[in-house]
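Asks: what's the 3D shape of this:
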Amino acid sequence: QVQLVESGGGLVQAGGSLRLSCAASGRTFSSYVMGWFRQAPGKVREFAAAISWSGGRTYYSDIVKDRFTISRDNARNTLYLQMNSLKPEDTAVYYCAAARSLNPTLQSAYDYWGQGTQVTVSS
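Replies: Numbers count the residues shown, from 1 in each chain. Presented below is the predicted three-dimensional model:
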């Protein structure tokens, strides 16, 4: 069992930056592929970024690539998402998730989900 708690969301102006964190419980954090997903109002939840067990491989959606950076600190059981050059269309609830297998963009592959953190980007 893994419990995930996101933090770091908030209100930011377009062009600004935010760093999201996801704290994981337990001592098996490094056993999980980790991902960030987001859900904008009235839209389905979508993949944003993912990172392999050791952090050696990262994956991004085309929408966030070159603006967002996913990273992890296995010693601190924490996942991060650095978001730069934010746009109003990045407004969404951001969720972190943990998966035992590597299917980065497949939501059904993720076994555990956090409760989400709201990111609002004003124009």
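Asks: show me how far stretch 60-77 is from its chain's centre.
Replies: With CA atoms, centre = their mean, to the nearest Å as the basis, the distance from the averaged C-alpha position of stretch 60-77 to the chain average is 7 Å.
Asks: count of residues packed around the closest residue to S123 other than its chain neighbours?
Replies: With CB to CB, 6 or more residues apart in numbering as the criterion, S123 has its nearest non-adjacent residue at 4.8 Å, and that residue is P88. In this view, the C-beta of every residue, glycine as well, is placed from N, C-alpha and C. The local packing of P88 (other CB atoms under 10 Å) involves 11 other residues.
Asks: what's the helix or strand for the residue nearest the centre of the chain?
Replies: In the chain, the C-alpha closest to the average C-alpha coordinate belongs to W36, at a distance of 2.4 Å (CA atoms, centre = their mean). Remark: W36 resides in strand 33-39, with elements defined by DSSP states H and E.
Asks: ok, that strand: who's next to it in the sheet?
Replies: strand 46-51 (antiparallel), strand 92-99 (antiparallel) (DSSP bridges).
Asks: immediately after the shortest one, which helix or strand?
Replies: This means strand 46-51. With elements assigned by DSSP H and E, the helix or strand that comes after strand 46-51 is strand 58-60.
Asks: which stretches of this protein form strands?
Replies: Here the chain has its strands, by DSSP state E, at 4-7, 10-13, 18-24, 33-39, 46-51, 58-60, 68-73, 78-83, 92-99, 112-113, 117-122.
Asks: any chance of the strands paired with strand 33-39 in CSV, with mean pLDDT and mean neighbour count too?
Replies: Supplementary listing: the strands paired with strand 33-39 in CSV, determined by pLDDT from 0 to 100; neighbours: other CB atoms under 10 Å:
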stretch, mean pLDDT, mean neighbour count
strand 46-51, 98, 23
strand 92-99, 98, 23
